[in-house]
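> Take a look and give me a structure for this.
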Amino acid sequence: MPKSSNQKMKLLYIMKILLTETDEANMISTGELISKLAEWDIVAERKTIYADIEALQHYGLDIVMEKRKTFGYYIANRDFELPELKLLADAVQSSKFITERKSMQLIKKLENLVSKHDAGKLRRQIYIQNRVKSMNESIYYNVDTLHDAINEGKKVSFKYFDFNVKKEQVYRKDGEFYKMSPAALSWTDEHYYLIACSDERNGIVHLRVDRMTNVKVLDEPRNEASKSFKLADYSKKVFSMFGGEEANVKLRVHNKLIGPIIDRFGKDITMIPDGEDYFTIRVQVVLSPVFYGWIFQFGDMCEVIEPKGLIDEMTKRARELLERHNET
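Next comes the predicted model:
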């Protein structure tokens, strides 16, 4: 019987079958391997299968031969364990900045890293109901382009839009291109943000990557401020990527809020005891409506001590809010 053109790829097909069909709970016998190879017009004998399995083991594939009801083979260890892939799939499916279509494409690729039996478990694991996803398909490529610009030390240009009350896209600057020096990308509050140095504004700006279009890397070096930018330090100061004036703030905080304080500012924050139930901290923050809201949510368990200007501003905002609700 003449050999088919697939015969030279027998070893590759055996590896494919083992990776796709087997895991610790699902073995495949030598006879089943021979039958599946025959579906690709590949002729195999038992003695050659043994030699092929040994060659794949030397290559690095973790193939185990075990006797249960009969002798069989299965892949024991893979590059990713099933719990790790479930975690990655959860992150992809729950990420708002990835569109539904792109999420499904990525998850399908993750399923290829396990056997077909475990792929079903992975699909059940990642289903999340009523998740609002991004509508901007280009974000997937925008992130990659922005990373390239940062790594290459180049400026970028792009258009940026908002939504009006009719849910229509409206470009800022009448659709003109922005040109900025990218400093870092931050995943904050389930959105991707570009943190960049703006020559036009002479400072740091934050922009939602899913609101950007026509992103291009320019043949122009980014400025020095963007190169020395420290995202870890900056992220402690900024609340939900809202810009504003930076200030040194002293807070008096109840001991019950130690967890939220560490979550927000990190374990390196210095806490000075103030009586039995309170402590004080000093932090550099960017003053914004989100920061005020963060303080207000803790009620009387978090008090601004300094600076006085911040106390006055928060008092003013609280009074305005109270008056507005009293009017209704």
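> Helices along the stretch 101-250 of the chain, start to end?
Assigned by DSSP state H, counting those that start in this stretch, the helices in the stretch 101-250 of the chain fall at 116-126, 139-152, 224-227, 231-237.
> low pLDDT regions in the stretch 151-300 of the chain?
Flagging of the stretch 151-300 of the chain using pLDDT under 70 yields the residue ranges 239-241.
> Walking through the stretch 101-250 of the chain, point out its strands one by one.
Using DSSP state E, counting those that start in this stretch, the strands assigned to the stretch 101-250 of the chain run over residues 154-163, 169-171, 178-188, 191-198, 203-208, 212-221, 246-254.
> Among these, show me which one is buried the most.
Using mean count of other C-beta atoms under 10 Å, the stretch among the strands of the stretch 101-250 of the chain with the largest mean neighbour count is strand 191-198, at a mean of 22. From N, CA and C alone the C-beta is placed, and that goes for glycine too.
> what angle separates it from strand 154-163?
If you take axes from the mean of the first three to the mean of the last three C-alpha atoms, to 10 degrees, strand 191-198 sits at 120 degrees to strand 154-163.
> Quick one: list the elements packing against strand 191-198.
Helices and strands touching strand 191-198, by 3 or more C-beta pairs under 8 Å, 6 or more residues apart in numbering; DSSP states H and E, are helix 139-152, strand 178-188, strand 203-208, helix 224-227.
> returning to that earlier point: could I get the helices of the stretch 101-250 of the chain as TSV with mean neighbour count and distance to residue 243?
What follows is the helices of the stretch 101-250 of the chain, written out as TSV (neighbours: other C-beta atoms under 10 Å; distance: least, C-beta to C-beta, whole Å):
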stretch	mean neighbour count	distance to residue 243
helix 116-126	16	35
helix 139-152	17	19
helix 224-227	15	15
helix 231-237	14	11
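> want to throw those into CSV with distance to residue 304?
As requested, the helices of the stretch 101-250 of the chain are arranged in CSV below (distance: least, C-beta to C-beta, whole Å):
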stretch, distance to residue 304
helix 116-126, 43
helix 139-152, 36
helix 224-227, 30
helix 231-237, 16
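> before we move on, back to that, want to throw the helices and strands packed on strand 191-198 into TSV with distance to residue 269?
Below are these laid out as TSV (distance: least, C-beta to C-beta, whole Å):
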stretch	distance to residue 269
helix 139-152	29
strand 178-188	19
strand 203-208	22
helix 224-227	26
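> Residue 25 is nearest to which of those?
Set against residue 25 and scored by C-beta to C-beta, the helices and strands packed on strand 191-198 come closest in helix 139-152, at 34.6 Å.
> I'd like to know which elements the closest one is packed against.
If contacts are counted by 3+ C-beta pairs under 8 Å, 6+ apart, helix 139-152 sits against strand 154-163, strand 178-188, strand 191-198, strand 212-221.
> Give me the residues contacting the third one.
Spelled out, it's strand 191-198. By C-beta atoms under 8 Å, 6 or more residues apart in numbering, the surrounding residues in contact with strand 191-198 are 96-97, 139, 143, 146, 156, 178, 180-187, 203-210, 212, 222-223, 225-226, 229, 231, 234, 241.
> orientation of it relative to strand 203-208 in degrees?
Inter-element angle recorded for strand 191-198 and strand 203-208: 150 degrees (by the same axes, to 10 degrees).
> next one: the last one
Relative orientation of strand 212-221 with respect to strand 203-208: 140 degrees, computed using the same axes, to 10 degrees.
> Given strand 212-221, what are its sheet partners and their directions?
Paired strands of strand 212-221, with direction, are strand 154-163 (antiparallel) (DSSP bridges).
> mind saving the C-alpha coords of the partner strand as CSV?
What follows is strand 154-163, C-alpha atoms only, in CSV (Å, rounded to 0.1, in the frame of the first residue of the first chain):
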residue,chain,number,x,y,z
LYS,A,154,8.4,57.4,20.3
LYS,A,155,5.5,59.8,20.4
VAL,A,156,2.0,58.8,19.3
SER,A,157,-0.8,60.5,17.5
PHE,A,158,-4.5,59.6,17.8
LYS,A,159,-8.1,60.9,17.7
TYR,A,160,-10.2,60.9,20.9
PHE,A,161,-14.0,60.8,21.3
ASP,A,162,-16.7,61.1,23.9
PHE,A,163,-20.4,60.2,23.7
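> So which residues make contact with that strand?
By C-beta under 8 Å, 6+ apart, the residues outside strand 154-163 that reach it are 142, 145-146, 149, 169-173, 175-182, 196, 207, 211-222.
> how big is the angle separating it from helix 139-152?
Between strand 154-163 and helix 139-152, the angle comes out at 150 degrees (the same axes, to 10 degrees).
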